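Chemist: okay, here's the prediction I keep looking at, along with the sequence it came from:
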Amino acid sequence: MKRMSGIVSYDGTGFSGYQIQPDQRTVQGTIEQVLQRINKGKFIRTVASGRTDSGVHGVGQVFHFDSTLSIESAAWKRALNTLLPADIRIQSVANEDPDFHARFDVEAKEYRYRLLRKPDEDVFRRNYTYHFPYELDLVGMRSAAELLVGEHDFTSFSSAKTEVMDRIRTIHKLDIEEAGDELVISIEGNGFLYNMVRIIVGTLLEVGTSKRQVEDIIRILEMKDRDAAGKTAPAHGLYLWKVTYKNRDK
């Protein structure tokens, strides 16, 4: 039995999220169906670095699987991409140590959120950016973002549906950069709660439109109450950009 890892990119528009669900088209389910075909009908379970919601995109999602087949990494990539639909592409496949785990060995993840700032919506980017044509105080947003960097209890920035009890996470960086007619918010941390990135984005946008003050961020963190933070930004502007592991670069 060999353990393999893969890096996969996907357009989340046509999927009900990454994680497999009954009677729903998901990224995991689609990959596992193809692996089963390659393995001559034998079911192959995959394990990913984490899940993404319906409409969220992946650029550098990492997953692992076990197989008895003796196939070179490059051949695995070719075989998977030959059978996968066009909205999923395998970027690479690698042999791993038997104890490598795509989820438990994660050191950090980076998400990016894209906002379209032009006055009119773009029909070709409607599924890939959140159209936000309003004036933004970028200085205020960046100041608010700085207050979120570091280790905090992010209960206020997690969905009420979050099931985990430990909600302390560390954000390593939170950058806000202009890229043509888009604004890109990049967040890297050691882990994220359910909807955490989208709630952070929604709250920063409220700072940018003067609905909240920069110093409100401190109060929101202290309250540990989802109702204290801003709205959840739409899923389609969000990308799981990169996953990093200890002693490796995935």
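Modeler: Yep, that arrived.

Chemist: going by C-alpha atoms from here, please, whenever you check contacts or count neighbours.
Modeler: Noted.

Chemist: count the residues that sit near Asn95.
Modeler: Asn95 is flanked by 14 other residues according to other C-alpha atoms under 10 Å.

Chemist: could you do Lys118 as well?
Modeler: 14.

Chemist: ok, now the one 4 residues further on?
Modeler: Asp122 is flanked by 13 other residues according to other C-alpha under 10 Å.

Chemist: buried residues in stretch 150-166?
Modeler: Asp153, Phe154, Thr155, Ser156, Phe157, Ser158, Ser159 (16 or more other C-alpha atoms under 10 Å).

Chemist: same check, this time on stretch 96-114
Modeler: Those buried within stretch 96-114 under the rule 16+ other C-alpha under 10 Å are Glu96, His101, Ala102, Arg103, Val106, Ala108, Lys109, Glu110, Tyr111, Arg112, Tyr113, Arg114.

Chemist: quick one, what contacts the residue nearest to the third one when sequence neighbours are not counted?
Modeler: It stands for Ala102. Computed as C-alpha to C-alpha, 6 or more residues apart in numbering, the closest residue to Ala102 that is not its neighbour in sequence is Ser49, at 4.9 Å. Shown in contact with Ser49 (C-alpha atoms under 8 Å, 6 or more residues apart in numbering): Gln61, Val62, Phe63, Ala102, Arg103, Phe104, Val106, Val243.

Chemist: nearest to Glu146, of the residues you listed?
Modeler: Top of the list for closeness to Glu146, among these and by C-alpha to C-alpha, is Val243 at 22.1 Å.

Chemist: just the element for the closest one, please.
Modeler: Counting by DSSP states H and E, the element that carries Val243 is strand 238-245.

Chemist: elements contacting that strand?
Modeler: strand 57-67, strand 106-116 (3 or more C-alpha pairs under 8 Å, 6 or more residues apart in numbering; DSSP states H and E).

Chemist: for those, give me CSV that also has mean pLDDT and distance to Ser16.
Modeler: Formatted as CSV, the helices and strands packed on strand 238-245 follow (pLDDT from 0 to 100; distance: least, C-alpha to C-alpha, whole Å):
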stretch, mean pLDDT, distance to Ser16
strand 57-67, 97, 11
strand 106-116, 98, 19
